[in-house]
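[1] Below are the sequence and a predicted model for it; my questions follow.
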Amino acid sequence: MKSLTPSLISLLLLLAPAFAQTPEPTQQKAILVKPNIIRAVPLLDPESIPLAKPLESDAALKGKPLGADAVRLQIFLDQQNFGPGVIDGKPGLFTEHAVMSWNEVHGHALHDWTTVQTAARQSVSQHLITVTVPNLTAKWVNPKLSNDRIAQSKTKRLSYRSVGELMAERYHTDVDFLIELNGAKKIYALKEGNELFVPNVRPFEIEKISGIQHPREETKAQRHVVVDTKRNQMRIYEAAPVALIVAEDDAAVAAKPTANRSLIASFPITPGKPQFIHYGMWEMRTCVEFPSWRFDKSLLETGKRSKDPSKVYDLPSGPNSPVGVIWCGLSKSGIGLHGTADPETIGRAQSAGCIRLANWDAIRLPTLIRPGSSVEIR
């Protein structure tokens, strides 16, 4: 390597101040834009929100959609009255049962996911939307609502415990999924007027439930309900064909699928404890919104009513009532189809003998069945 000449050294010394004044290129850090930043400007494009995916190694998920496509499919099924359970982008057994119901109605192979996914993409162009927390919190949110039944019996209403809970149920999901979409900081501090991302589903509007008792309506009264306690699914048919007495053979139906237009809806349910389930054919007798409920610990634990009136408490109505927002009583005393305070436990936690649905599913029952409908619990 050649050494520098004196003249070149002099030239470099003259230019040194100029080099010293030239700023070095700024090293910009990568900024991860997260949806949990609370701000007044419009929210991010929903398509840019990365959704958590179920474990790829789970064999049960093979062939099932993930991410935005999974949310889109669950929304589609929900709006078709084939409830997939909580909309969370993680299709599990309830989504699978809903897909099978949809396929049965349309004459496709029961375990075909391709056709229903195509229909979902065509029907649901946007899987998430931006909504504003409505002016409902004063009436419908009570952060101080006790878990103690005695204390609850002294309150006016069994309201939601947080705005996050209200918004989750409103859009057929759970608080965990709202946190995934918007961030914990935002969801735990939600208040009226705040914007947030939610599934693009027709909302369950608690404020529009009037508390009426639905009368018999002849067309709907002729419909038949099958409560399948093994599949944890309720299925509603136009009528009660003799074939329903025989257990359904999924393999046989899958081999030669034919459209079953008599099936009009299906929803995930939680049946009663095995020792309290009342199998057989019953009739729906009542259908009342915002029912009060008598808490009887003895009845819940043993199936027998308490003889001590001091241990029985009348609880007010509300979305956090143990029977949810609607009660459809059967001809078997004390047994009914009803909502729940905990939609995320549908299919897991068991009731004392009744049939529980998520409130957003239960409130649809009077649009499908009415007093007089037959209910088969099997």
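    Noted; the coordinates are in hand.
[2] rest of the way, CA atoms for contacts and neighbours
    Will do.
[3] how long is stretch 317-335 from one end to the other?
    End-to-end span of stretch 317-335 (C-alpha to C-alpha, to the nearest Å): 18 Å.
[4] Go ahead and name everything in contact with that stretch.
    Contact with stretch 317-335 is made by 157-160, 206, 282-293, 315, 336-342, 353-356, 359, 362-363, 375, as judged by C-alpha atoms under 8 Å, 6 or more residues apart in numbering.
[5] again with stretch 280-296
    149, 209-215, 305-306, 311-318, 321-332, 366, 370-378.
[6] Filter those down to the ones in helices?
    Using DSSP state H, the subset of these located in helices is 149, 366.
[7] Give me the buried entries from the contacts of stretch 280-296.
    For the contacts of stretch 280-296, a neighbour count by 16 or more other C-alpha atoms under 10 Å gives the buried set as 213-214, 312-313, 315-318, 321-331, 366, 370-377.
[8] what about the strands in the stretch 51-200 of the chain?
    Using DSSP state E, counting those that start in this stretch, the strands of the stretch 51-200 of the chain run over residues 128-132, 195-199.
[9] Is it possible to get a markdown table of the ones you listed that adds distance to residue 112, mean pLDDT and mean neighbour count?
    Converted to a markdown table, the strands of the stretch 51-200 of the chain look like this (distance: least, C-alpha to C-alpha, whole Å; pLDDT from 0 to 100; neighbours: other C-alpha atoms under 10 Å):
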| stretch | distance to residue 112 | mean pLDDT | mean neighbour count |
| --- | --- | --- | --- |
| strand 128-132 | 25 | 98 | 16 |
| strand 195-199 | 24 | 98 | 25 |
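[10] Contacts only, for residue 83.
    74, 77, 94-95, 98, 266-268, 361.
[11] Just the pLDDT for it.
    On pLDDT, residue 83 comes in at 98.
[12] Centre-most residue in this protein?
    Computing the C-alpha centroid of the chain and ranking residues by C-alpha atoms, centre = their mean puts residue 86 first, at 2.6 Å.
[13] picking up where we left off before, can you pick out the ones from the contacts of residue 83 that are in helices?
    Per DSSP H, those map to helices at 74, 77, 94-95, 98, 361.
[14] quick revisit: which one of the contacts of residue 83 has the most neighbours?
    Among these, the one with the most neighbours (other C-alpha atoms under 10 Å) is residue 74, at 32 neighbours.
[15] correct me, but that residue touches residue 84?
    Yes. With contact defined as C-alpha atoms under 8 Å, residue 74 and residue 84 form a contacting pair (5.9 Å).
[16] Please report the number of neighbouring residues for residue 216.
    Count around residue 216 with other C-alpha under 10 Å applied: 18.
[17] Run through who's touching stretch 140-156.
    With C-alpha under 8 Å, 6+ apart as the test, stretch 140-156 has contacts from 158-163, 166, 295, 313-316.
[18] Tell me the buried residues in that stretch?
    Within stretch 140-156, the residues scored as buried using 16+ other C-alpha under 10 Å are 140-142, 145, 152-153.
[19] Which of these sits closest to residue 108?
    Among these, residue 140 lies closest to residue 108 (C-alpha to C-alpha), at 42.9 Å.
[20] Name the residues contacting each of residue 74 and residue 84.
    Common neighbours of residue 74 and residue 84 (C-alpha under 8 Å, 6+ apart) are 91, 95.
[21] circling back to that earlier point, would you reformat the strands of the stretch 51-200 of the chain as JSON lines and include distance to residue 239?
    Converted to JSON lines, those look like this (distance: least, C-alpha to C-alpha, whole Å):
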{"stretch": "strand 128-132", "distance to residue 239": "36"}
{"stretch": "strand 195-199", "distance to residue 239": "33"}
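[22] my read: residue 203 touches residue 167, true?
    No. With contact defined as C-alpha under 8 Å, residue 203 does not reach residue 167; the gap is 9.2 Å.
[23] Show me which of those two is the more surrounded one.
    residue 167 (26 against 15).
[24] what's the closest non-adjacent residue to that one?
    Among residues not flanking residue 167 along the chain, residue 133 sits closest, at 7.4 Å (C-alpha to C-alpha, 6 or more residues apart in numbering).
[25] The one you found - how many residues pack around it?
    Residue 133 - counted by other C-alpha under 10 Å - has 17 other residues nearby.
[26] so who does it touch?
    Residues in contact with residue 133 (C-alpha under 8 Å, 6+ apart) are 167, 190-196.
[27] which of those residues sit farthest apart?
    167 and 193, at 12.2 Å, using C-alpha to C-alpha across the contacts of residue 133.
[28] What about the contacts of stretch 280-296, which are in strands?
    If you go by DSSP state E, these have 312-315, 326-329, 374-377 in strands.
[29] with those residues in mind, which one is nearest to residue 347?
    The closest of the ones in strands among the contacts of stretch 280-296 to residue 347 turns out to be residue 377 (C-alpha to C-alpha; 15.6 Å).
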